[in-house]
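Participant: Pasting the sequence and the predicted coordinates here, then a few questions.
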Amino acid sequence: MTLELDMWTAQQCADYVGVKLNTWHGYVSRPALNNPAPQPKDRVGDTPLWDIDEVKEWQATRPGPGNREPKKRGPRKK
């Protein structure tokens, strides 16, 4: 019998999003202003757990490669 949970560990979130574990932790600890990563919803011991649906929804709204807004640059020095 397999028990299916509606929560993921940080590693499972990182795997789903397609990033390394350290990158996932960075997304969570330094959230973007326009699309912050979901925060953990629960803990088992010292292990934080994320709601699967929230992670999937967040991933679906992330911009893909090349869809970032260009950085605003100041005037060039002569």
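Facilitator: Happy to help now that I have it. Residues are numbered from 1 along each chain as shown.
Participant: where do the strands sit along the chain?
Facilitator: When assigned using DSSP state E, the strands of the chain occupy the ranges 7-8, 42-44, 47-51.
Participant: what's the most buried one of those?
Facilitator: strand 7-8 (a mean of 20; mean count of other CB atoms under 10 Å). To be clear about C-beta, it is placed using only N, CA and C from the backbone, and glycine gets the same treatment.
Participant: Quick check: neighbours of that one in the sheet, parallel or antiparallel?
Facilitator: Strands that pair with strand 7-8, judged by DSSP bridges, come out as strand 47-51 (antiparallel).
Participant: And the contacts of the partner strand?
Facilitator: Applying CB atoms under 8 Å, 6 or more residues apart in numbering, the contact partners of strand 47-51 are 6-10, 13, 38-43.
Participant: Buried residues in stretch 32-40, which are they?
Facilitator: By 16 or more other CB atoms under 10 Å, the buried positions in stretch 32-40 come out as 37-38, 40.
Participant: That stretch: end-to-end distance?
Facilitator: This stretch, stretch 32-40, spans 16 Å end to end (CA to CA, to the nearest Å).
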